[in-house]
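Visitor: this one's sequence-less:
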């Protein structure tokens, strides 16, 4: 059942909860224990012995729900399969191969159900992948964990994307430019990639503006400083925080526009005075770019870009005089606030602590508690105790402290025991 399928940060699935599972020998795989969630249980589980094909049935039900985005309640779903022959409605699925796969996998006769090796072979077919709209690279990466490969007709994929691109599909133009740049499926061609990026960029496609600039910047043979700056600034003019971050990072840390060999001569005490003017010009240019870069990092951070915030903090702590005489802590707080609005958990929790402590903002414990709760709902473990310490809801306070106590957090154990003790005394006082 879905509740027993966990997803990691890459959305790779992991099956959990093997409390009722059994290890089966190759030639001995008949079971008789009645166990499972009715909605996903094969019909043969109730009443007689069954084999591992019950898992194929469960797979089919889950696959149907994923493919159709089914939202039926357990009660409604069970009504759709209320006897040994009825199954969910396959007419809403347009692809015949997928229909046949599900029909076979939830067959009333376990012997007619496919085994998982056959299911895998079917799911990795190009026609099925196209129908499901999957990402071949992601699928290949996942399958490689199990020493399985995905056969990809790269040329056919590239040809299909090019066909869409040549019909002026702006996303396809960008995608085909990426294929040419990376040399995926076809021969790498940076010059042609730039052509496609420029076509999309001229139509306002911001990612293409960034890719055009980066393609030039990353390849010395193609580098054109004026064009690079122009395309980055085109993307920045569209209020794109990613462009601000990348261009800001380049100007601040990785600036190829500066003739470092000229500046390095300054370290040589025997350099000619004729070079002094050139050295001074390059130093001024470097300082100007660095200041501009930090400015873009700040703007990106204010738009909620967490990577930009980290680099901006690094810059102002290490070089506070580059952008302004001394950094202003209130500006840092505002950047954290902006990133928290974008949903970054670390920033939400940090901004909550600013509100709790009254650091460069007016202290507001109610608002701090709300922020901690948002961080908790997004999966922050560290925010649980902080939220529990601020909320006035005793039930929620106990809930989160107990969760953390059971996870081994000693601070939570202390807080929870104090809560139980104070609650016990309160009940005794009420009785008195």
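Guide: Perfect, I can see it now. None of these values were measured; they are calculated from a predicted model.

Visitor: what's around residue 284, how many residues?
Guide: The tally of other residues near residue 284 (other C-beta atoms under 10 Å) stands at 10. (C-beta placed from N, C-alpha, C; glycine too.)

Visitor: three-state assignment of it?
Guide: Three-state assignment for residue 284 (DSSP: H, G, I helix; E, B strand; the rest coil): helix.

Visitor: what do you get for residue 388?
Guide: With three-state DSSP as the basis, residue 388 sits in helix.

Visitor: Could you count how many residues lie near it?
Guide: Other residues within reach of residue 388, judged by other C-beta under 10 Å, total 25.

Visitor: Was I right to think it contacts residue 401?
Guide: Yes - with contacts counted by C-beta atoms under 8 Å, residue 388 reaches residue 401, the gap being 4.9 Å.

Visitor: Let me see the contact set for the closest residue in space to residue 227 that isn't next to it in sequence.
Guide: What sits nearest to residue 227 in space, not counting adjacent residues and going by C-beta to C-beta, 6 or more residues apart in numbering, is residue 216, at 5.9 Å. Neighbouring residues of residue 216 by C-beta atoms under 8 Å, 6 or more residues apart in numbering: 194, 222, 223, 224, 227, 228, 231.

Visitor: Show me what counts as buried in the host helix or strand of residue 216.
Guide: Element membership for residue 216 (DSSP states H and E) is helix 206-218. Using 16 or more other C-beta atoms under 10 Å as the test for burial, helix 206-218 gives 206, 207, 208, 209, 210, 211, 212, 213, 214, 215, 216, 217.

Visitor: Next, the angle from the helix or strand following that helix to helix 206-218.
Guide: Next helix or strand after helix 206-218 toward the C-terminus (DSSP H and E): helix 225-237. Per axes from the mean of the first three to the mean of the last three C-alpha atoms, to 10 degrees, the angle that helix 225-237 makes with helix 206-218 is 150 degrees.

Visitor: Show me what the helix or strand just after helix 225-237 is packed against.
Guide: For helix 225-237, the following helix or strand on the C-terminal side (DSSP H and E) is helix 241-253. For helix 241-253, the packing partners by 3 or more C-beta pairs under 8 Å, 6 or more residues apart in numbering; DSSP states H and E come out as helix 206-218, helix 225-237, helix 276-302, helix 306-318.

Visitor: can you rerun that using 6 Å?
Guide: helix 225-237, helix 276-302 (3 or more C-beta pairs under 6 Å, 6 or more residues apart in numbering; DSSP states H and E).

Visitor: and residue 245, which of those is closest to it?
Guide: Each of the helices and strands packed on helix 241-253 was scored for nearness to residue 245 using C-beta to C-beta, and the closest is helix 276-302 (4.3 Å).

Visitor: which element is residue 419 on?
Guide: Using DSSP H and E, residue 419 falls in helix 410-431.

Visitor: Distance of residue 338 relative to residue 382?
Guide: To residue 382, residue 338 is 21 Å away according to C-beta to C-beta, to the nearest Å.

Visitor: which of those two has more neighbours?
Guide: residue 338 (21 against 14).

Visitor: Could I get the buried residue list for the helix or strand containing the more buried one?
Guide: For residue 338, the host element (DSSP H and E) is helix 329-341. Going by neighbour count (16+ other C-beta under 10 Å), the buried part of helix 329-341 is 331, 332, 333, 334, 335, 336, 337, 338, 339, 340.

Visitor: what do you get for stretch 141-158?
Guide: Applying 16+ other C-beta under 10 Å to stretch 141-158 flags 142, 150, 152, 157, 158 as buried.

Visitor: Give me the contacts around it.
Guide: 12, 124, 136, 139, 140, 179, 185, 186 (C-beta atoms under 6 Å, 6 or more residues apart in numbering).

Visitor: switch the cut-off to 8 Å
Guide: 10, 12, 120, 124, 126, 136, 139-140, 176, 179, 184-186.

Visitor: and the end-to-end length of stretch 3-14?
Guide: Using C-alpha to C-alpha, to the nearest Å, the end-to-end distance of stretch 3-14 comes out at 11 Å.

Visitor: can you give me the offset of it from its chain's centre?
Guide: When distances are taken as C-alpha atoms, centre = their mean, to the nearest Å, stretch 3-14 is centred 13 Å away from the chain's centroid.

Visitor: do the same with stretch 145-160
Guide: 23 Å.

Visitor: What is the end-to-end distance of it?
Guide: 28 Å.

Visitor: Kindly report the same for stretch 347-367.
Guide: In stretch 347-367, first residue to last residue: 14 Å (C-alpha to C-alpha).

Visitor: Any buried residues in the helix or strand hosting residue 119, and which?
Guide: Assigned by DSSP H and E, residue 119 belongs to helix 116-123. Using 16+ other C-beta under 10 Å as the test for burial, helix 116-123 gives 119, 122, 123.

Visitor: same thing with stretch 297-312?
Guide: 297-309, 311-312.

Visitor: before we move on, back to that, how far does whichever helix or strand comes after the helix holding residue 119 sit from its chain's centre?
Guide: Next in sequence after helix 116-123, counting helices and strands by DSSP H and E, comes helix 126-132. The chain centre lies 24 Å from the centre of helix 126-132; the measure is C-alpha atoms, centre = their mean.

Visitor: give me the low-pLDDT residue ranges for the stretch 251-400 of the chain?
Guide: In the predicted model of the stretch 251-400 of the chain, residues 259-275, 319-328 satisfy pLDDT under 70.

Visitor: Among the buried residues of stretch 297-312, which one lies nearest to residue 3?
Guide: Each of the buried residues of stretch 297-312 was checked against residue 3 using C-beta to C-beta; the closest is residue 306, at 31.1 Å.

Visitor: Burial check on the closest residue in space to that closest one that isn't next to it in sequence, number of neighbours?
Guide: What sits nearest to residue 306 in space, not counting adjacent residues and going by C-beta to C-beta, 6+ apart, is residue 344, at 4.6 Å. By the measure other C-beta under 10 Å, the count of residues near residue 344 is 21.

Visitor: how much space is there between residue 344 and residue 45?
Guide: 45 Å.

Visitor: next one: residue 306
Guide: Distance of residue 306 to residue 45, given as C-beta to C-beta: 48 Å.

Visitor: Please apply the same query to residue 302.
Guide: Taken as C-beta to C-beta, the span from residue 302 to residue 45 is 57 Å.

Visitor: one step back: scan the contacts of stretch 141-158 and report the most crowded one.
Guide: residue 176 (27 neighbours).

Visitor: That residue is in contact with residue 159, isn't it?
Guide: No - contact status for residue 176 versus residue 159: not in contact, 10.0 Å apart, counting by C-beta under 8 Å.
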